[in-house]
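> predicted structure and sequence below. I'll ask about it afterward.
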Amino acid sequence: MEPIISIRDLAKTYQMGTTEVRALQSIDLDIHKNEYVALMGPSGSGKSTLMNLLGCLDTPSRGTYHLSSEDVSDMDDNELATIRNKRIGFVFQTFNLLPRLSALENVALPLVYAGYSKERRNDKARQVLENVGLGDRVTHKPNELSGGQRQRVAIARALVNDPAIILADEPTGNLDSKTSYEIMEIFKKLHDQGNTIIIVTHEPEIAAHALRVVKLRDGLVESDTPNQKAVHVEI
C-alpha cells in the first residue's frame with residue numbers, strides 16, 4: 001500500500017541575519033493510512049519544523065514530500081492552503097478558537113472556505129460535536145467551556161472536513177492530567193475509526209498512547225520504533 005505521507009531527504013534551513021540555521025538536516029519518513037504516530041524530540045530537535053512541513057504550513061529547502069501520492073514540496077501558498085483545508089485537520093495546544101463564535105460556529109468555520117451551505121455546515125458541525133461528547137454545548141462560546149471542552153471543540157473542527165490526516169501539536173499542553181487522558185482517549189477512538197493521527201509532543205506520557213514513536217534529534221531521525229504497549233485508558 002502506498003504511504004499517505006512519504007518524505008525523502010527533507011531539509012529546512014532558515015536564515016537568521018547572517019547565520020544559517022539548519023532546523024532539519026535530512027529526514028526520510030513514511031506514514032501509512034490509519035497509523036498513529038508520535039513525533040518526539042527535545043527543544044531544537046526539529047519536530048516543530050517537521051510539523052510545519054507535514055501540515056503544509058511551510059515548504060522545504062530540499063527534498064520531497066508526497067501527500068497521498070501528490071508532490072506538495074514545490075506548491076505555492078494558494079495550493080498549500082487548499083491542501084491544508086481539504087486534507088489536514090489541525091489541533092493546537094492553544095485551541096485557536098475564535099472567542100466571539102459559538103462552539104458550533106467555530107467547528108463550522110472550515111466549511112465556509114470549502115463552500116458548504118450554512119444549513120449543511122451547521123448539520124455537519126453539530127454531528128462532529130456530538131461525536132466528541134459536546135452535543136449539549138453547541139451554543140456555548142469558548143469562555144463558557146472548560147479547557148478540556150475547548151480542546152474537544154478544536155478536535156471537532158479538525159474533523160469536520162473529513163481530513164486524510166489529523167495533526168496535533170502538543171494537544172494536552174494546557175490541560176491537567178485527567179483531562180489530558182480524556183483527550184488522548186478521543187484520539188484513540190478516532191484512530192479506531194480509521195483516522196491517521198500524528199501527535200507532536202515532548203511528553204513521554206502522551207507519546208505512550210501512540211502505536212509508533214519517531215524521535216528527532218539535531219534535525220535527524222534518531223529512532224523510529226513501534227510501541228507495543230500503547231496506553232489505553234477507558235474514561
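Thanks, I have the structure now. Numbers count the residues shown, from 1 in each chain.
> I'd guess Gln179 is in a helix, am I close?
Just to correct that, residue 179 is Thr rather than Gln. Yes. If the criterion is DSSP: H, G, I helix; E, B strand; the rest coil, then Thr179 is within a helix.
> that one against Gly147, yeah?
Yes. With contact defined as C-beta atoms under 8 Å, Thr179 and Gly147 form a contacting pair (6.3 Å). Using the backbone N, CA and C atoms, a C-beta is placed for each residue, glycine as well.
> residues of stretch 24-34 that come out buried?
Of the residues in stretch 24-34, those buried by neighbour count under the rule 16 or more other C-beta atoms under 10 Å are Leu24, Gln25, Ile27, Leu29, Ile31.
> and the helix or strand where the first one lies, what does it pack against?
Put plainly, it is Leu24. Under DSSP states H and E, the secondary-structure element containing Leu24 is strand 19-31. Strand 19-31 makes packing contacts with strand 5-16, helix 47-54, strand 220-226 when contacts are defined by 3 or more C-beta pairs under 8 Å, 6 or more residues apart in numbering; DSSP states H and E.
> what's the following helix or strand after that strand?
Toward the C-terminus, strand 19-31 is succeeded by strand 36-40 as the next helix or strand (DSSP H and E).
> tell me which other helices or strands that following strand touches.
Secondary-structure packing of strand 36-40 (3+ C-beta pairs under 8 Å, 6+ apart): helix 47-54, helix 177-192, strand 196-200, helix 204-207, strand 212-217.
> nearest to Asp136, out of these?
Across those, the minimum distance to Asp136, taken as C-beta to C-beta, is reached by helix 177-192, at 16.2 Å.
> burial of the closest residue to Leu211 other than its chain neighbours, as a residue count?
In space, not counting the residues next to it along the chain, Leu211 is nearest to Tyr36; the distance is 4.5 Å by C-beta to C-beta, 6 or more residues apart in numbering. By the measure other C-beta atoms under 10 Å, the count of residues near Tyr36 is 22.
> who touches stretch 111-130?
By C-beta atoms under 8 Å, 6 or more residues apart in numbering, the surrounding residues in contact with stretch 111-130 are 85-86, 103-105, 107-108, 135, 137-138, 152-153, 156, 159-161.
> which element is Thr64 on?
In this structure, Thr64 is located in strand 62-67 according to DSSP H and E.
> output the contacting helices and strands for that strand.
In this structure, strand 62-67 makes packing contacts with strand 5-16, judged by 3+ C-beta pairs under 8 Å, 6+ apart.
> what's the strand it packs on in contact with?
Contacts of strand 5-16 from elsewhere in the structure, counted by C-beta under 8 Å, 6+ apart, are 20-31, 46, 49-50, 53-54, 58, 60-67, 69, 165, 219.
> so how far is that strand off the chain centroid?
If you compare the mean C-alpha spot of strand 5-16 with that of the full chain, they lie 18 Å apart, counting by C-alpha atoms, centre = their mean, to the nearest Å.
> angle of it against strand 220-226?
Orientation of strand 5-16 against strand 220-226 (axes from the mean of the first three to the mean of the last three C-alpha atoms, to 10 degrees) gives an angle of 150 degrees.
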